[in-house]
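Novice: sequence and predicted model, in that order:
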Amino acid sequence: MIKTFLLSICLVFSSVIFAQTEAENQKTTLFNYVSFLASNDLKGRETGTPGEEAAANFIAAKFKEIGLKPLGEEGTYFQTFSFKPKPHPHASEKEMENVEPEFGKNVIAFLDNGAEYTIVLGAHFDHLGEGNHQEGSLYAGDEPMIHNGADDNASGTAVIMMLAEELKSRKDLTNNNYLFIAFSGEEKGLFGSSYFSKNSTISLDQVNYMINLDMVGRYREEKGLAINGTGTSPIWDDRIKKVNKQDITIVSDPSGIGPSDHTSFYLKDIPVLHFFTGQHEDYHKPSDDIDKVNFEGMIMVSNFIKDLIASLNWEGKLEFNETKQENSTKAPKFSVTLGVMPDYMYSGEGMKIDGIIDDRPGQKAGLKSGDIVTKLGDVEVMDMQSYMKALGSFSKGDLAPIEVLRDGKKQKLEVQF
């Protein structure tokens with residue numbers, strides 16, 4: 001009896017030590033990947049630059065080291081696409097006619113299990129370079145500064161690289177093949193994923209579903225985990241609930257359309273999920289750096305995805321659902337902005353502010369992070385759509401009353417656009 005008891009104790013301690021060792025190994029792996037991708041040496045990984053090429057070569061070398069088959073062009077891991085960079089954010093079609101094309105690279109690797117169908121795991125590895133007032137950067141300084149994009153999206157890229165290594169060793173998850181794609185050109189308009197969807201290196205009929213990881217490096221327990229695209233297959237909601245054994249707060253959105261690479265696959269009638277841990281004040285700024293990355297949160301996301309894949313291992317090809325596209329109707333046009341970052345993890349009424357951009361109308365009006373905009377001008381703000389509708393009624397120079405909830409109390413302010 002005593003021997004049995006002691007053996008049980010030893011097994012428990014062994015399991016705990018193994019789990020701790022595995023978590024530490026995962027953290028070290030992710031740290032090393034993000035350290036390289038988000039280093040100043042790569043100068044922000046802007047598509048078409050030497051920094052992007054260095055990142056692509058690094059990812060390809062890791063895929064080769066893991067033992068994955070190259071599935072780019074001509075026996076390589078690379079798929080090259082062309083694009084025309086805008087000389088400035090508001091360049092006209094006429095101006096663009098004289099712009100010489102540049103080139104970006106997707107990095108594509110295949111884990112062949114001899115299965116009928118293939119799961120795509122993707123993330124974009126490009127970012128905004130040195131900002132320099134290019135479209136997308138929220139940096140307001142005059143001097144160029146490197147945008148390292150540790151969360152956006154070195155985090156997602158690091159997770160798919162780690163998943164590639166772990167799935168290679170999982171002999172129990174071989175009912176699907178796995179295609180790992182690191183996309184470039186996402187920041188410029190989903191260029192890389194759009195190109196792949198039209199020039200895929202495997203038949204898209206063989207693709208079972210696509211999981212996209214974009215900005216998974218800032219998990220906060222109080223905000224939870226966003227999973228978008230849950231309406232693109234009837235199985236998603238039920239299976240996500242079953243996999244969520246840690247009772248993580250899940251903020252889901254059924255739409256298959258969103259500002260990231262899963263959209264390119266949804267538009268080809270492929271079930272998709274987009275994992276996202278939320279926006280923050282460092283979004284698209286030079287301050288999005290490795291010291292603010294939550295590696296334990298990245299491990300949680302990675303393990304969640306592995307559990308989800310495992311739960312679907314025997315399901316065969318998933319059924320695709322077309323979702324109601326909130327963005328399919330023409331979006332309201334507006335020429336002004338508050339200069340705030342919405343909290344896309346917020347599911348209540350109104351538009352919750354997650355960050356304030358310096359020297360913009362919102363900051364000058366006294367808005368604060370955490371405020372919930374409930375009225376702008378004469379428009380009651382119930383959600384993002386009504387917020388954008390409200391913005392569309394103003395022009396530069398206009399004064400507008402704005403109502404917010406701050407710590408549960410109504411505040412009335414005035415903003416000048």
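Specialist: Great, that's in hand.
Novice: pairing partners for the longest strand seen in the chain, with directions?
Specialist: Using DSSP state E to define each element, the chain has its longest strand at strand 102-111. Its sheet considered, strand 102-111 pairs with strand 69-70 (antiparallel), strand 78-83 (antiparallel), strand 177-183 (antiparallel) by DSSP bridges.
Novice: restrict the longest one to CA atoms and write it as PDB.
Specialist: Taking C-alpha atoms only, strand 177-183 is exported to PDB below (Å, rounded to 0.1, in the frame of the first residue of the first chain):
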ATOM      1  CA  ASN A 177      -2.000  17.300 -43.700                       C
ATOM      2  CA  TYR A 178      -0.800  20.800 -42.600                       C
ATOM      3  CA  LEU A 179       0.200  23.700 -44.700                       C
ATOM      4  CA  PHE A 180       2.000  26.500 -42.900                       C
ATOM      5  CA  ILE A 181       2.100  29.900 -44.600                       C
ATOM      6  CA  ALA A 182       3.800  33.000 -43.400                       C
ATOM      7  CA  PHE A 183       2.200  35.800 -45.500                       C
END
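Novice: tell me the SS of residue 62?
Specialist: helix (DSSP: H, G, I helix; E, B strand; the rest coil).
Novice: got a list of what it touches?
Specialist: The contact partners of residue 62, taken as Cβ atoms under 8 Å, 6 or more residues apart in numbering, are 33, 161, 164. (C-beta placed from N, C-alpha, C; glycine too.)
Novice: now residue 386
Specialist: 379, 380.
Novice: tell me which helix or strand it sits in.
Specialist: helix 384-391 (DSSP states H and E).
Novice: just to revisit the earlier point, so which of the contacts of residue 62 are in helices?
Specialist: Of those, the ones assigned to helices by DSSP state H are 33, 161, 164.
Novice: confirm that residue 259 sits in a strand.
Specialist: No: counting by three-state DSSP, residue 259 is not found in a strand; it is coil.
Novice: that one and residue 164: what is the separation?
Specialist: Plainly put, residue 259 is 25 Å away from residue 164 if you go by Cβ to Cβ, to the nearest Å.
Novice: among the two, which residue is more densely surrounded?
Specialist: residue 164 (20 against 13; other Cβ atoms under 10 Å).
Novice: contacting residues around the nearest residue to that one once chain neighbours are set aside?
Specialist: Among residues not flanking residue 164 along the chain, residue 180 sits closest, at 4.9 Å (Cβ to Cβ, 6 or more residues apart in numbering). The neighbours of residue 180, taking Cβ under 8 Å, 6+ apart as the test, are 63, 68, 108, 109, 110, 111, 121, 122, 160, 161, 163, 164.
Novice: I'd like these as JSON lines, with pLDDT and distance to residue 385 appended.
Specialist: What follows is the contacts of residue 180, written out as JSON lines (pLDDT from 0 to 100; distance: Cβ to Cβ, whole Å):
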{"residue": "63", "pLDDT": "98", "distance to residue 385": "41"}
{"residue": "68", "pLDDT": "98", "distance to residue 385": "42"}
{"residue": "108", "pLDDT": "98", "distance to residue 385": "36"}
{"residue": "109", "pLDDT": "98", "distance to residue 385": "39"}
{"residue": "110", "pLDDT": "98", "distance to residue 385": "40"}
{"residue": "111", "pLDDT": "98", "distance to residue 385": "40"}
{"residue": "121", "pLDDT": "98", "distance to residue 385": "31"}
{"residue": "122", "pLDDT": "98", "distance to residue 385": "28"}
{"residue": "160", "pLDDT": "98", "distance to residue 385": "32"}
{"residue": "161", "pLDDT": "98", "distance to residue 385": "36"}
{"residue": "163", "pLDDT": "98", "distance to residue 385": "34"}
{"residue": "164", "pLDDT": "98", "distance to residue 385": "38"}
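Novice: quick one: residue 279 from residue 151, how far?
Specialist: For residue 279, the distance to residue 151 - Cβ to Cβ - is 9 Å.
Novice: neighbour-wise, which of the two wins?
Specialist: Per other Cβ under 10 Å, whichever of residue 279 and residue 151 has more neighbours is residue 151, with 29 against 21.
Novice: tell me the secondary structure of the nearest residue to that one once chain neighbours are set aside, please.
Specialist: Distance criterion Cβ to Cβ, 6+ apart; nearest residue to residue 151, sequence neighbours excluded, is residue 217 at 3.9 Å. Secondary structure, three-state DSSP: residue 217 is coil.
Novice: what's the burial count for residue 217?
Specialist: Neighbours of residue 217 using other Cβ under 10 Å come to 29.
Novice: that one and residue 300 touch, don't they?
Specialist: No: the criterion here is Cβ atoms under 8 Å, and residue 217 misses it with residue 300 at 11.4 Å.
Novice: so what sits against both of the two?
Specialist: By Cβ under 8 Å, 6+ apart, no residue touches both residue 217 and residue 300.
Novice: quick check: end-to-end length of stretch 127-137?
Specialist: 10 Å (Cα to Cα, to the nearest Å).
Novice: go on, stretch 70-79?
Specialist: OK, stretch 70-79 end separation, Cα to Cα: 10 Å.
Novice: next one: that stretch to chain centre, how far?
Specialist: 24 Å (Cα atoms, centre = their mean, to the nearest Å).
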